[in-house]
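1. Need the 3D shape of this:
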Amino acid sequence: MKLEGLVPLYRDLKNKGETYSSFDYRTSGVRFEVFFDIYETPFKLIFVVREQNYRLSINVQKGFVIDPILNRDEYRALAQVLGLTYDPKNPFSPPKFFIDFNKHIPEYAPYKVPKEQVYRFYESDIEEADRIFYKTKIEWNKLPNSKGNVTEKNLFKTRVLYPELYETCKRNNISIVYTANENERTNYKNDFDA
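-> Below is the predicted model of the structure:
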């Protein structure tokens, strides 16, 4: 199934040099926070309902194509979030859910959610997900006799939490040290020319 509604959103993100967007989608009285990430392929479309601790991640393949068929657990969880009960005469249809979603994909709007809240969309994918505050940096290339390198996991976390630092960290082999303690948090602008 092609999600045509993602095409203009994707173009706007590319034109603005951004890698993700977030917007709300409402259906059946439920508000989904939707996160569309175009940084890696396949793209990711993540649906979250915080009040119900619900998360559904969908791969968006080339041509903005998704597989609208959910596995049994995903199907049941989505039906439960939507408050649906089983009706053999009118079973829940995930493809219909995605058809409706496609009609309600909004136009591009600058991302306004605080950066540190973005992690909730990727919480299960981020290393040390409890550590979200910037503490300091490690400049591997400037350490004497260093053979260290920034890890892909650290770069991924930095792109999600501090996208403005991502390219600098990747280009200059810099790791961000994160802390879970807000009192240990420091201002990254003291360490970066940002």
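
2. you'd agree residue 9 is up against residue 104?
-> No: assessed by Cβ atoms under 8 Å, residue 9 is found out of contact with residue 104, at 11.8 Å. (C-beta placed from N, C-alpha, C; glycine too.)

3. Compare neighbour counts for those two and give me the winner.
-> When residue 9 and residue 104 are compared for neighbours, residue 9 comes out ahead with 20 against 13, by other Cβ atoms under 10 Å.

4. That one: what secondary structure?
-> Classification of residue 9 using DSSP: H, G, I helix; E, B strand; the rest coil returns helix.

5. for it, what are its contacts?
-> Contacts for residue 9 (Cβ atoms under 8 Å, 6 or more residues apart in numbering) come out as 21, 36, 105-108.

6. where along this structure do the helices fall?
-> Remark: helices assigned in the chain by DSSP state H are 6-16, 72-81, 94-103, 115-122, 152-161, 163-172.

7. closest to residue 88 out of the ones you listed?
-> helix 72-81 (13.5 Å; Cβ to Cβ).

8. what packs against the closest one?
-> Counting contacts by 3 or more Cβ pairs under 8 Å, 6 or more residues apart in numbering; DSSP states H and E, helix 72-81 packs against strand 54-60, helix 94-103.

9. Need the residues that contact the first one.
-> In other words, strand 54-60. With contacts defined as Cβ under 8 Å, 6+ apart, strand 54-60 is touched by 3, 6, 36, 42-48, 66-67, 70, 74, 77-78, 81, 121, 124.

10. Now the buried members of these.
-> Neighbour-count burial (16 or more other Cβ atoms under 10 Å) applied to the contacts of strand 54-60 gives 3, 6, 36, 43-48, 66, 70, 77-78, 81, 121.

11. State the distance from the residue most central in space within the chain to residue 132.
-> Nearest to the mean C-alpha position of the chain, by Cα atoms, centre = their mean, lies residue 121 at 4.7 Å. From residue 121 across to residue 132, the span is 13 Å (Cβ to Cβ, to the nearest Å).

12. re earlier: which among the buried ones among the contacts of strand 54-60 gets closest to residue 25?
-> Of the buried ones among the contacts of strand 54-60, the one sitting nearest to residue 25 (Cβ to Cβ) turns out to be residue 47, at 7.5 Å.

13. isn't the closest one right up against residue 30?
-> No: if you go by Cβ under 8 Å, residue 47 and residue 30 don't touch, sitting 9.8 Å apart.

14. Pairing partners for the residue nearest to residue 81 when sequence neighbours are not counted in the sheet, please.
-> Among residues not flanking residue 81 along the chain, residue 54 sits closest, at 4.9 Å (Cβ to Cβ, 6 or more residues apart in numbering). On the basis of DSSP bridges, residue 54 is bridged to residue 49.

15. what's the pLDDT at the closest residue in space to residue 157 that isn't next to it in sequence?
-> Nearest residue to residue 157, sequence neighbours excluded (Cβ to Cβ, 6+ apart): residue 126, at 5.1 Å. pLDDT, residue 126: 80.
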